[in-house]
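Q: all I have is the shape, not the residue letters:
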């Protein structure tokens, strides 16, 4: 089966036919990708389909054993001395939602392609389609010698790009060393700027080892009350893109509420603590159950309601949190098969950690307007067995910023005095901005030339692939990252504007003709 | 002596004569103020001079025993039903620098009035001059009934405004209860926006009680080396206005350096730690002296230099820090009359506090672009006697944000396990933004009408007087704060643009004619 024959869903054929000829040349590829499921760790079939088609086209390429692809195109219609340009996109997509008739459902709404029931895969279908169209039209469109990189499994640890060959030749791969002078990554997710840098991040998946008390040994257990605090429906959002928006982190709000109880001398024992769902998402919910003396039940509920309403009000413009306090007899715990709680002392230590763990902006960039330099997200917390598990993700556009958060977080874990089982890993290195990028200036000029709109040059607050090439030794190339706006990437309802995508595709095509030296 | 006869310095007379007639009507007052020293806590003479002049003018006013003044002007040329508007400015100024021939030296440079050797007092001379001109021209300029407030000692705890009468009549003052519907504060320091809110803050002046070790009881004292780290010439700046700029806080940098030593298993004892100079300034310098084993001397210096250079590089665009590492024999301590050092354990606790104490942005505003919602500044640290003294100042544009920082800072102090002597005071309450301010919209429209430039509506990140009136019970009035740009307020070299000041003065005059209901 060949990839260009893949747009079979009648609705998609209809959408395609509603476009003009030029737009169809791009979007047949984009829509074809939506017909083939290709989530992270399951995008290899798509890679193979692409390889089969490349072979049929007679195009020179290498695919490694992991299904990364490097395509080589000779220049077309440009001087012999034109240096090589690389264009790169990742094959895999974040899969969330449900398939419609076995593939990604797509609607055309107000000039946008929308996946109403799932993610769309515009991240990074935009770039993959651009590369495939370029291969198909290689003898028609003027372009420099090209290295086209299609990488696998970007969305979980930038796996594919790391499997490309190191510049010093030390890698065990059949893909040859890259030779590009200019490099265009197509995964910026945001069309406001041309990007010359991006943030890196570290994931802290560390557990506090605690000594829960069996409820059977709690004095006067049946006289205690169980107070539940449920905070749901915070907006959440990607912790790279959205941290600047000042949205609520539900875990931090629960921490502030319980801190308020401590401040008001209410002693409690944590029976349940469960917040957040994904490492790169601002925690959208958090639930806590605490045991208090019956004599404190009314006061506890009153304090929580009073302060909870104040906190909720703070986020009324960014979130619509649903906030619920209730209480019942402690025996309710047993009905939930919960048999242990944290002592007041350990409960306080956990709350102290939540309080000291920064979650949000740590520094705004001194160089790029409205850009976050360094941030952290307290993503997940969960009391389970003899552990309070936490998951955090720091981000910074500089290595030294990553270090700074690391110092803060290590100190915050340590300051509790609790034993910590550490599991820390690098989610991505920062791409430290090269403010002198000639390529970025040319891209901005080109876009303005075509559409009269002058994009800014900025850095991206998500973790993308270009810096991994610097880590591999490609320190010389001039790199940018571009993309149309994909504000709902990774979410059900992801969309991409048709005209927006066309502008960026056309600007890339035009830029290619200028990269003669 | 009458105030209008006060511009005597020939250079100032010359400046005044270089202006057109209309501009002179305002600037004679502005320049008169520069002829009378009026720093905070020593601005009462100026108040008395103003009172004498008001009496001579036959204008109705009250002055309280603290020298705050409330002037009443009947409306001029407006309908009988026109409600009262208040205009307010503070009389005192931050005094830094040196007087020139007994008063503030002023030069006219590129259309700006500049105090080259001191502060200028445009903060809040701009507003005081506006009010005095208005009094003088009260029968010439159309205006509603006016309450003109001249407050003392704003710059240290907003003292004057707090002495105004509470709305419920419970205050012991001869100044009558205010009746304004609209209120214009002239102390925004920034002309980019019309302000409808401002941040409040809390000052933490708390000391860790430590148990320093006499150097006489340090084993092998003479075998130890004293390593000095000097970090100077960070840009600093006002912690309200500048915290968003991501500048270096010298104390935090020293903390990161010493944390790096801890991470690299270098044990040290703090002999000196001294950073920051003013509570509302981002710490521009910090010095530390630490004792290390001679065997670690080289490695310590190497680590500090390596990491110091990395950190300095981070701030190369915002600061030009001067960074100096040196070492000498420990006996150097004695020559400086230092006889005690902190144990390694206590040293670590102090570094841990510096690490966990947020210093910078904590949250960006979800409502106002580029505006900091909540921040903190680690302003001062000093090891002295048996104490490590700290001074911090939090700021937030909401009360709940102030609470949040309070929780973090209390937890950070507590987490060290050291005994803390607390001294916490409120520097100012937040002025929580009223996004429906009709007055703000009218001011924006008026400015645009006159000068074709549309100001944004925003909140101010410094602590100003309007919210104190809310605290006094004036919850109904519609309040704004305006000002020309005074970016170097509180610093030597403070300046104000002549045309900028004229535009705001003219816009206020014009706005007054519109406040008919």
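A: Structure's in. What do you need? What you see is a predicted model, and the numbers here were worked out from it, not measured in a lab. Numbers count the residues shown, from 1 in each chain, chains lettered A, B, ... in the order given.
Q: measure the residue of chain A most remote from its centre to chain B for me?
A: Using Cα atoms, centre = their mean, the residue of chain A lying farthest from its centre is residue A:220. It sits 47.3 Å away. Counting by Cβ to the nearest Cβ, to the nearest Å, the separation of residue A:220 from chain B is 29 Å. Quick note: C-beta positions are derived from backbone N, CA and C, even for glycine.
Q: need the pLDDT of that residue.
A: At residue A:220, the pLDDT value in this model is 89.
Q: could you do the one 4 residues further on as well?
A: pLDDT, residue A:224: 94.
Q: now do the nearest residue to it once chain neighbours are set aside against residue A:167, distance only.
A: Closest residue to residue A:224 apart from its sequence neighbours, by Cβ to Cβ, 6 or more residues apart in numbering or on different chains: residue A:330 at 4.3 Å. Applying Cβ to Cβ, to the nearest Å, the value for residue A:330 to residue A:167 is 63 Å.
Q: looking at the two, which is more packed in?
A: Remark: of residue A:330 and residue A:167, residue A:330 carries more neighbours, 24 against 18, as counted by other Cβ atoms under 10 Å in any protein chain shown.
Q: which residues touch the more buried one?
A: Counting by Cβ atoms under 8 Å, 6 or more residues apart in numbering or on different chains, residue A:330 makes contact with A:215, A:221, A:222, A:223, A:224, A:225, A:226, A:291.
Q: mind redoing it with 7 Å?
A: A:221, A:222, A:224, A:225, A:226, A:291 (Cβ atoms under 7 Å, 6 or more residues apart in numbering or on different chains).
Q: distance of the second one from chain B?
A: Here the criterion is Cβ to the nearest Cβ. By it, residue A:222 lies 33 Å from chain B.
Q: residues in contact with that residue?
A: Per Cβ under 7 Å, 6+ apart, neighbours of residue A:222: A:330, A:331.
Q: did I read that right, it in a strand?
A: No - counting by DSSP: H, G, I helix; E, B strand; the rest coil, residue A:222 is not part of a strand but helix.
Q: about what we covered before: most surrounded residue in the contacts of residue A:330?
A: Neighbour counts for the contacts of residue A:330 peak at residue A:224, which has 25 neighbours (criterion: other Cβ under 10 Å).
Q: the residue nearest to residue A:120 when sequence neighbours are not counted - how many residues pack around it?
A: Closest residue to residue A:120 apart from its sequence neighbours, by Cβ to Cβ, 6+ apart: residue A:494 at 4.0 Å. If you count neighbours by other Cβ under 10 Å, residue A:494 ends up with 26.
Q: for residue A:494, give me its contacts.
A: A:115, A:119, A:120, A:122, A:486, A:488.
Q: ok, which pair from those residues is furthest apart?
A: A:115 and A:486 (11.1 Å; Cβ to Cβ).
Q: interface residues of the stretch 351-500 of chain A facing chain B?
A: A:352, A:355-356, A:358, A:360-367, A:370, A:373, A:398, A:400, A:404, A:407-408, A:411-412, A:415 (Cβ under 7 Å from any Cβ of the partner chain).
Q: ChimeraX command for the buried members of these?
A: In ChimeraX syntax, the buried subset of these is picked out as below (16 or more other Cβ atoms under 10 Å in any protein chain shown):
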select /A:352,355,356,358,360,361,362,363,364,365,366,367,373,398,400,404,407,408,411,412,415
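Q: please identify the buried residues of stretch A:444-459?
A: A:444, A:445, A:446, A:447, A:455, A:457, A:458, A:459.
Q: now intersect those residues with the strands, please.
A: In this view, these that belong to strands under DSSP state E are A:457, A:458, A:459.
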